[in-house]
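> The following block contains a protein sequence and its predicted model.
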Amino acid sequence: MYTKSAIVSVLIASASAFVPSTRPVSQGTRLNLSVGETAPDFTLQDQNGKSISRSKINKPLVVYFYPADATPGCTVQAESFNEQVKDIRKNFGAELVGISGQDVESKQAFAKELGLGFSILADDGDEVRSAFKVPKAAFGFLPGRVTYVLDKNGVCVSVYDNLGDAKSHVKAATDALEELAPSSSGSGNPLLSFFNK
């Protein structure tokens, strides 16, 4: 298991030299789930063996796909999201899940090592990654690192694709949640925001 992680780590580190420093994708690429499309439903197990279903989360949802547990970039990304998860929940009423292709045991070890306060889901076989049409990175050698922000109905409002800068995914997600916040609160009444000040 750790040999596979070490190989993926080396490939990610090597490939990041060929990846642009930032590559936000606001409308999606031809491979990605696109802004305006409803995200595929899924049910996966998290690090605690709990089944998590997208359709049962009736609030905005950040879904981030990462290449592998315990690799340097994925560790930075998970730690960065972990630092912000309380604010994401409190300020935006949103939930957060990370998804990669390793099994539940790998998720347990990774989550325990980092003390994660959110679910990371085992997509063993990459079925959910395929359903979201997450593009591969590093000339097709690595699973991609893509973050999607979904509204409370599961409609994609943001896509951010950047393998090389794992930490930037948190800012991209919170920026999208900020844009989503006014439309998700206020029930369509523009005067309500005036009275809530």
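Right, received. Where do you want to start?
> hey, what's the residue positioned nearest the centre of the chain bridged with?
Centroid-nearest residue in the chain, with C-alpha atoms, centre = their mean: residue 64, separated by 1.0 Å. Judged by DSSP bridges, the bridge partners of residue 64 are residue 98, residue 147.
> Quick one: residues contacting it.
77, 81, 96, 97, 98, 99, 145, 146, 147, 148, 169, 173 (C-beta atoms under 8 Å, 6 or more residues apart in numbering). C-betas here are computed from N, CA, C, even on glycine.
> Using JSON lines, lay out those together with distance to residue 38, neighbour count and pLDDT.
As requested, these are exported to JSON lines (distance: C-beta to C-beta, whole Å; neighbours: other C-beta atoms under 10 Å; pLDDT from 0 to 100):
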{"residue": "77", "distance to residue 38": "25", "neighbour count": "23", "pLDDT": "97"}
{"residue": "81", "distance to residue 38": "24", "neighbour count": "27", "pLDDT": "98"}
{"residue": "96", "distance to residue 38": "19", "neighbour count": "25", "pLDDT": "98"}
{"residue": "97", "distance to residue 38": "17", "neighbour count": "20", "pLDDT": "98"}
{"residue": "98", "distance to residue 38": "21", "neighbour count": "27", "pLDDT": "98"}
{"residue": "99", "distance to residue 38": "17", "neighbour count": "26", "pLDDT": "98"}
{"residue": "145", "distance to residue 38": "22", "neighbour count": "26", "pLDDT": "96"}
{"residue": "146", "distance to residue 38": "17", "neighbour count": "28", "pLDDT": "96"}
{"residue": "147", "distance to residue 38": "17", "neighbour count": "27", "pLDDT": "97"}
{"residue": "148", "distance to residue 38": "11", "neighbour count": "26", "pLDDT": "97"}
{"residue": "169", "distance to residue 38": "22", "neighbour count": "24", "pLDDT": "97"}
{"residue": "173", "distance to residue 38": "19", "neighbour count": "26", "pLDDT": "98"}
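> which regions of this protein lie under the pLDDT threshold?
1-31, 182-197 (pLDDT under 70).
> which stretches of it form strands?
For the chain, the strands defined by DSSP state E cover 24-25, 43-46, 51-53, 61-65, 95-100, 119-122, 146-150, 156-161.
> Quick one, which of these gets closest to residue 89.
Among these, the nearest to residue 89 by C-beta to C-beta is strand 95-100 (7.0 Å).
> That closest one versus strand 61-65: what angle between them?
Relative orientation of strand 95-100 versus strand 61-65 (axes from the mean of the first three to the mean of the last three C-alpha atoms, to 10 degrees): 20 degrees.
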